[in-house]
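> My questions concern the predicted model and sequence given below.
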Amino acid sequence: MGLTLNTIVPWGRSYEEYVAMFGLTETDLSRRLLGCGDGPAGFNAELTRRGGRIVSIDPLYAFDTAQIRQRIAETHDTVMAQMREHQASYVWTTIPSIEALGRVRLSAMDLFLADYEAGTREGRYLTGALPSLPVGNDTFDLALSSHFLFLYSALLSTDFHLQAITNMLRAAQEVRVFPLLTLDGQPSPHLGAVTEQLTRQGFHVDLQPVPYEFQRGGNTMMRIARQHNASSGREDSYSSLSLPSRAEGMP
């Protein structure tokens, strides 16, 4: 068993974790990136420092720095207590201990907090909530969803997942989602239906291993791309799909 949470909490991963869990290459990192549900992750700040192009979208960004810092502090105690209780559900190699985990997570979130005001002014942190996205069609090359879709399967329906991924594919040519396990370490019950429906809609779906495993057994990402029409030399259109209207909010 793993964590049990009755709401979606702000909890950020590091740049190095993003690179590993999404199998990001140097070519990927040079593309126009969209982070969907990034929360207080350090990826945007560090990639920007390295010259990358990224926009992150999360409902958390409706709050100011002090409010986000307070929410992180409240989340930290809850998550760390559960991590101590369920240590056997995790792989303690890259992150060797509970104490190291706390340092890694707080370091990533401190990097975010230090960058947040400047990033907001520069348009790198936008307030928004899946399954809708406040960006235009084909604005990005690659959209990433970390520790939201599939992880919170008990709170988010199959239809929510389909709408969210379809909307990300409206904004970007390719989508990657990690992890595919739920909070309690089980394969998401939505995975089969989401894969089948996206394939039926004409998208190319792969489940690919990645060089990252913290949740035991959680070393696979979903990679979804628009199909390429070889005969016409163009990508199949997504415009005929039924896209959701903007969501009113998210738990």
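Structure's in. What do you need? Note that this is a predicted model, so its numbers are computed, not measured. Residues are numbered from 1 along each chain as shown.

> Every contact and neighbour count from this point should use C-alpha atoms.
Will do.

> just for this protein, where's the confidence low?
Scanning the chain for pLDDT under 70 picks out 1-9, 228-251.

> now the strands for the stretch 1-150 of the chain?
Taking DSSP state E, counting those that start in this stretch, the strands of the stretch 1-150 of the chain run over residues 32-36, 53-57, 125-126, 140-146.

> Just give the strands next to the shortest one in its sheet, each with its orientation.
For strand 125-126, the paired strands and their directions (DSSP bridges) read strand 53-57 (parallel).

> hmm, who's touching the strand it pairs with?
Taking contacts as CA atoms under 8 Å, 6 or more residues apart in numbering, the residues outside strand 53-57 that touch it are 30-39, 44, 47-48, 123-129, 133.

> now that strand and strand 140-146, what's the angle there?
Angle, strand 53-57 to strand 140-146, by axes from the mean of the first three to the mean of the last three CA atoms, to 10 degrees: 50 degrees.

> Can I get strand 53-57 as CSV, trimmed to CA atoms?
Only the C-alpha atoms of strand 53-57 are listed here, as CSV (Å, rounded to 0.1, in the frame of the first residue of the first chain):
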residue,chain,number,x,y,z
ARG,A,53,11.0,27.3,-23.2
ILE,A,54,8.2,26.1,-20.9
VAL,A,55,4.8,27.2,-19.6
SER,A,56,3.3,25.5,-16.5
ILE,A,57,-0.5,25.5,-15.8
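
> got the strands of the stretch 1-150 of the chain as TSV, with distance to Glu85 and mean neighbour count columns?
Below are those laid out as TSV (distance: least, CA to CA, whole Å; neighbours: other CA atoms under 10 Å):
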stretch	distance to Glu85	mean neighbour count
strand 32-36	29	24
strand 53-57	32	22
strand 125-126	34	24
strand 140-146	23	22
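
> Reformat those strands as TSV; add distance to Thr75.
Listed next are these as TSV, based on distance: least, CA to CA, whole Å:
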stretch	distance to Thr75
strand 32-36	20
strand 53-57	20
strand 125-126	21
strand 140-146	17
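
> what's the closest of these to Val104?
Of all the strands of the stretch 1-150 of the chain, strand 140-146 sits nearest to Val104, with 16.3 Å by CA to CA.

> Run through the neighbouring helices and strands of the helix or strand following that closest one.
Per DSSP states H and E, the first helix or strand lying C-terminal to strand 140-146 is helix 158-171. Packing contacts for helix 158-171, counted by 3 or more CA pairs under 8 Å, 6 or more residues apart in numbering; DSSP states H and E, involve strand 140-146, strand 172-178, helix 191-200.
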